[in-house]
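Peer 1: Here you go, sequence then predicted model.
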Amino acid sequence: MGCCGHDFISRDKIKIAIKKNTEDFNKAKPMVKAQFLKFRDRYHPMDLNFGVCRNLIEHSGQLFCPLHPNLHDGKDLREGHCDINHLCKTAKEFAKWDKDKQEQFLLFVKDKKIDNLTYSMKMDDNTLLEEFLKEEK
Ligand code: SF4
């Protein structure tokens, strides 16, 4: 969620923001590109709610961006709206590691048994990365 907001206030506030976004999305029920863009542009990109992007939604326990290219045959509807190349520090470090170290990190995260919101916040503030590197020493 590092690319999907800034200065997250609290877990509860993030939940409220995502709930509101999801309600807006369910109300809009976008089916075609123009409708997704209309949903996207209902707020200015920098108009965040409690630090959360207005497009981040939840469905069946999954948090995701409905503008992502995976949902639009490769067309990226986020272009020009947010920094689509953003990678958090943890993701950048992860990409540099060999397969074994990446596997260790994934197991480390799995063992934490944290929910997706806690995971995202800890990825965003580098806590998981710092804990993992500390344990590794
Ligand atoms: S548009 Fe999508 S990917 Fe971009 S910041 Fe918002 S939720 Fe995240």
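Peer 2: Perfect, thanks for sending it.

Peer 1: Out of the helices and strands in the chain, which is least certain?
Peer 2: Least confident element among the helices and strands of the chain, by mean pLDDT, DSSP states H and E: helix 116-124 (a mean of 87).

Peer 1: which helices and strands sit right next to that one?
Peer 2: When contacts are defined as 3 or more Cβ pairs under 8 Å, 6 or more residues apart in numbering; DSSP states H and E, helix 116-124 packs onto helix 11-28, strand 62-64, helix 127-136. Using the backbone N, CA and C atoms, a C-beta is placed for each residue, glycine as well.

Peer 1: Quick check: buried residues in the longest one?
Peer 2: Within helix 11-28, the residues that qualify as buried by neighbour count (16 or more other Cβ atoms under 10 Å) are 14, 17-18, 21-22, 25.

Peer 1: how about a markdown table for those residues, with pLDDT and distance to Asp47 added?
Peer 2: As requested, the buried residues of helix 11-28 are exported to a markdown table (pLDDT from 0 to 100; distance: Cβ to Cβ, whole Å):
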| residue | pLDDT | distance to Asp47 |
| --- | --- | --- |
| Ile14 | 92 | 16 |
| Ala17 | 96 | 12 |
| Ile18 | 96 | 15 |
| Asn21 | 98 | 12 |
| Thr22 | 98 | 17 |
| Phe25 | 98 | 16 |
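
Peer 1: Let's have these in JSON lines, adding distance to the ligand.
Peer 2: Below are these laid out as JSON lines (distance: Cβ to the nearest ligand atom, whole Å):
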{"residue": "Ile14", "distance to the ligand": "12"}
{"residue": "Ala17", "distance to the ligand": "11"}
{"residue": "Ile18", "distance to the ligand": "10"}
{"residue": "Asn21", "distance to the ligand": "8"}
{"residue": "Thr22", "distance to the ligand": "12"}
{"residue": "Phe25", "distance to the ligand": "11"}
